[in-house]
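# Okay, here's the prediction I keep looking at, along with the sequence it came from:
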Amino acid sequence: MYNPILDTFIAVSDCGSFTKASQRLYISPTAIMKQINTLENHLELKLIERTPSGVRLTSAGEIIYRSAKFMIKYSQKSITEAKASVYANDTTFCLGTSLLNPAKPFMDIWYRINKFFPEYKLHLVPFEDNHEGILSEIEKLGEKFDFLIGVCDSKAWLSRCNFLPLGQYRKMIAVSREHYLAQKSCIDLEDLYGETIMMVGKGDSGTNDFIRCELEKNHPQIHIEDTPQFYDLSVFNRCAETGNVLLTIECWQEVHPGLVSIPVNWDYSIPYGLLYSLDAPEDVLRVVETVKDNLLLMN
């Protein structure tokens, strides 16, 4: 519904350079510049000024930047609502899926239990892992989605939905492929002395708070940098760009092709499971109970 070149324009504006934008978008700087030139010619406006230290927006560019962000968000919302309306009157379960919260763990379960729901279809609904908007996505359980599969010990998340634990993922660290630790098969915390580890701030995740407490108390040689409260791709990009270490989990090993995830000699893990609405309808609750029964049979 909008010109995808706007995504490139926003990336250049946010990064302040064509090179950094190309790293974020995984396309060449030349392709970035061509797209910006195309956009400027189409609008007949100068949007970006090149400077020795990077790029900056013109006054016209600042207006287009603000409008483009609104337009993209509104377009995505409209498309999602339109797709959801197609299934509104059908016997369909809508399952959210994203880069950091993929649907596959639920799909594995669904193929074991769908015989109990022969009249239902499963429809995947994509959403963005935007750290500024993820809580609003969680609040759409029961409206936009029936279920999400998420890695979760977040107090903010758990106050907005029900959660059925399905398993645990190990806490790991991620580094760029050029980092000297990238070749190790497992690391000790002493290997991180002098490094900066990126992790969420205190107060929302019990597991992360325990890890932070151990680092601050027993390993002050490791510096800590706070990330946004919830991860999105920008956090992984920053890890790759800065050479810092990122606290991550084993299911995110393929999120960023420029990073390598490495196990740590510790016992920290985080639960993942099925998220559903606080006031879920009867058919959703039947699925939850069926999943519980299936888990008991497996154990």
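Perfect, I can see it now.

# For residue 241, which non-adjacent residue is closest in space?
Using CB to CB, 6 or more residues apart in numbering and skipping the chain neighbours, the partner closest in space to residue 241 is residue 23 (6.6 Å). Where C-beta positions appear, they are placed from N, C-alpha and C, glycine not excepted.

# For that neighbour, grab the count of nearby residues.
17 (other CB atoms under 10 Å).

# Residue 290: what's it in contact with?
113, 116-117 (CB atoms under 8 Å, 6 or more residues apart in numbering).

# sorry, back to before: residue contacts, the residue nearest to residue 241?
Contacts of residue 23 by CB under 8 Å, 6+ apart are 237, 240-241.

# Check residue 104 too.
Contacts of residue 104 by CB under 8 Å, 6+ apart are residue 149.

# one step back: can I have the buried ones of the contacts of residue 23 as a ChimeraX selection?
Entered in ChimeraX, the line below selects the buried ones among the contacts of residue 23, by 16 or more other CB atoms under 10 Å:
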select :237,240
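
# and which of the contacts of residue 23 is nearest to residue 121?
residue 237 (36.0 Å; CB to CB).

# Kindly provide the distance from the closest one to residue 258.
9 Å (CB to CB, to the nearest Å).

# and residue 114, how many neighbours?
16.

# Spit out the contact partners of it.
By CB under 8 Å, 6+ apart, the neighbours of residue 114 are 120, 122.

# if you set the cut-off to 7 Å instead, what comes out?
The contact partners of residue 114, by CB atoms under 7 Å, 6 or more residues apart in numbering, come to none.

# Tell me if it really is in a strand.
No - assessed with DSSP: H, G, I helix; E, B strand; the rest coil, residue 114 is helix; it does not lie in a strand.

# Now do the lowest-mean-pLDDT helix or strand in the chain: which elements does it pack against?
Taking mean pLDDT, DSSP states H and E as the measure, the chain has helix 59-86 as its least confident helix or strand, at a mean of 78. With contacts defined as 3 or more CB pairs under 7 Å, 6 or more residues apart in numbering; DSSP states H and E, helix 59-86 has these neighbours: helix 5-15, strand 121-126.

# Spell out the residue ranges of the strands in the protein.
Using DSSP state E, the strands found in the chain span residues 48-51, 54-57, 92-97, 121-126, 148-151, 162-176, 196-200, 223-227, 245-249, 259-263, 269-276.

# any chance of the ones you listed in TSV, with mean pLDDT too?
Formatted as TSV, those follow (pLDDT from 0 to 100):
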stretch	mean pLDDT
strand 48-51	88
strand 54-57	88
strand 92-97	94
strand 121-126	92
strand 148-151	93
strand 162-176	96
strand 196-200	96
strand 223-227	96
strand 245-249	97
strand 259-263	97
strand 269-276	96
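
# So which of the ones you listed is nearest residue 105?
strand 148-151 (4.9 Å).

# Quick check: bridge partners of residue 171?
Residue 171 has the following beta-bridge partners by DSSP bridges: residue 249.

# That one is in contact with residue 252, isn't it?
No - using CB atoms under 7 Å, residue 171 is not in contact with residue 252; the gap is 10.7 Å.

# what about residue 196, neighbour count?
15.

# And it, how far from residue 126?
For residue 196, the distance to residue 126 - CB to CB - is 33 Å.

# can you check residue 6 too?
When residue 6 is compared with residue 126 (using CB to CB), they lie 19 Å apart.
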